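Enquirer: heads up, no residue letters with this:
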């Protein structure tokens, strides 16, 4: 274990009072529209399912629009144990409008707690708890989400999609299929992560590099970009991987994360482009011949017809190619008989 977190010995009466206070704070946040928009933890009608549903839906919509998606998952180390009480109280007042007796009560709730270690009925001298919210408390998780609310502001300022669940942060952004635009989008999420890391440091929180991960969701359709020269999928995909390596600002924060991004992208390209390249050679050649024959007063319509034929050819070819790969995998695993036709 890396962290021996103390369990708070909270009496029942304290939990009942916390429940009442938590209910009042939630009512205050809802009535004044102070909730973080995409924080799914500790909110009515929100849970892990709603968080996963939104992120997955957004990614699938981008894929449908022929865009790849860069997804970065951030995690904190001992998040609930490092909260600075003074910063939390100041934020509760300035951002959430809690003042007067309510703020005084929160101050008394957080401060002047002690912790001790007990081994074989031998207790150590109590030491003050200067940071964190009580583990196992009712109010602690809600106070944590209030403490980290500015993370959402940073993501919105950089135009990056985000979703929060307690101390887990998901950042994601679509990547267009043009080098200039995709490079700008990649730079936006890099700057966002750097600013979040700086904010965490200034607020006494620490990003956990061991639990931070990144995924590149590559849209196969986005890679099937055909021109009259039948541009190979590998060329396009390698260009996207290059974009992800250019000016990577994560190295100083997360160590080898840049290499991980490149590795994930390369693996996705290898898997997606095997069929795409063969289909590009076949369908791209047919498209070039069709477009070359398109002339006369209806040339524009003929070119459109060529493009529609290209789309049908691409979809059919890709489906058949992927089916053949799947059949090969089934056979290699000892599947009996032939796979059914697609």
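Expert: Now that the structure is in, tell me what you want to look at. This one's a predicted model, so the numbers in the text were calculated from it and none came from an experiment. Residues are numbered from 1 along each chain as shown.
Enquirer: going by C-alpha atoms from here, please, whenever you check contacts or count neighbours.
Expert: Noted.
Enquirer: so what's residue 82 closest to, chain neighbours aside?
Expert: Using Cα to Cα, 6 or more residues apart in numbering and skipping the chain neighbours, the partner closest in space to residue 82 is residue 132 (4.9 Å).
Enquirer: can I assume that neighbour is in contact with residue 84?
Expert: Yes: assessed by Cα atoms under 8 Å, residue 132 is found in contact with residue 84 at 6.5 Å.
Enquirer: in this protein, where is pLDDT below threshold?
Expert: 1-7, 177-184, 215-278, 280-281, 284, 287, 291-312, 314-316, 318-342 (pLDDT under 70).
Enquirer: what segments of it are strands?
Expert: Using DSSP state E, the strands of the chain run over 68-74, 113-115, 118-119, 122-123, 127-129, 161-165, 168-175, 213-217.
Enquirer: so which of those strands gets nearest residue 97?
Expert: With Cα to Cα as the measure, strand 161-165 is the member of the strands of the chain nearest residue 97 (22.1 Å).
Enquirer: just checking, what packs against that closest one?
Expert: Judged by 3 or more Cα pairs under 8 Å, 6 or more residues apart in numbering; DSSP states H and E, the packing partners of strand 161-165 are helix 48-64, helix 150-157, strand 168-175.
Enquirer: run through the neighbouring helices and strands of the second one.
Expert: Looking back up the chat, that one is helix 150-157. strand 161-165, helix 179-202.
Enquirer: for it, buried residues please.
Expert: 150-152, 154-155 (16 or more other Cα atoms under 10 Å).
Enquirer: before we move on, what about the first one?
Expert: Within helix 48-64, the residues that count as buried by 16+ other Cα under 10 Å are 51, 55, 58-60, 62-63.
Enquirer: tabulate the residues you listed in TSV, adding columns for distance to residue 186.
Expert: Listed next are those as TSV, based on distance: Cα to Cα, whole Å:
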residue	distance to residue 186
51	23
55	18
58	17
59	16
60	19
62	15
63	17
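Enquirer: from those residues, which single one is nearest residue 13?
Expert: Distances from residue 13 to the buried residues of helix 48-64, taken by Cα to Cα, are shortest for residue 51, at 33.0 Å.
Enquirer: which residues touch that closest one?
Expert: 40, 163-165 (Cα atoms under 8 Å, 6 or more residues apart in numbering).
Enquirer: and it, how close does it get to residue 114?
Expert: In this structure, residue 51 and residue 114 are 36 Å apart, going by Cα to Cα, to the nearest Å.
Enquirer: isn't residue 99 right next to residue 93, touching?
Expert: Yes: with contact defined as Cα under 8 Å, residue 99 and residue 93 form a contacting pair (5.7 Å).
Enquirer: and the end-to-end length of stretch 139-158?
Expert: Using Cα to Cα, the end-to-end distance of stretch 139-158 comes to 31 Å.
Enquirer: list the contacts for residue 75?
Expert: 167-169, 207-209, 211-212.
Enquirer: quick one: those as TSV, columns for neighbour count and distance to residue 16 too.
Expert: What follows is those, written out as TSV (neighbours: other Cα atoms under 10 Å; distance: Cα to Cα, whole Å):
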residue	neighbour count	distance to residue 16
167	19	25
168	16	28
169	18	30
207	20	33
208	15	34
209	16	37
211	12	35
212	16	36
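Enquirer: just curious, which of those residues is nearest to residue 11?
Expert: Once Cα to Cα is applied, the member of those that ends up nearest residue 11 is residue 167, at 26.2 Å.
Enquirer: would you check that that closest one makes contact with residue 79?
Expert: Yes: Residue 167 is within contact range of residue 79, at 6.6 Å (criterion: Cα under 8 Å).
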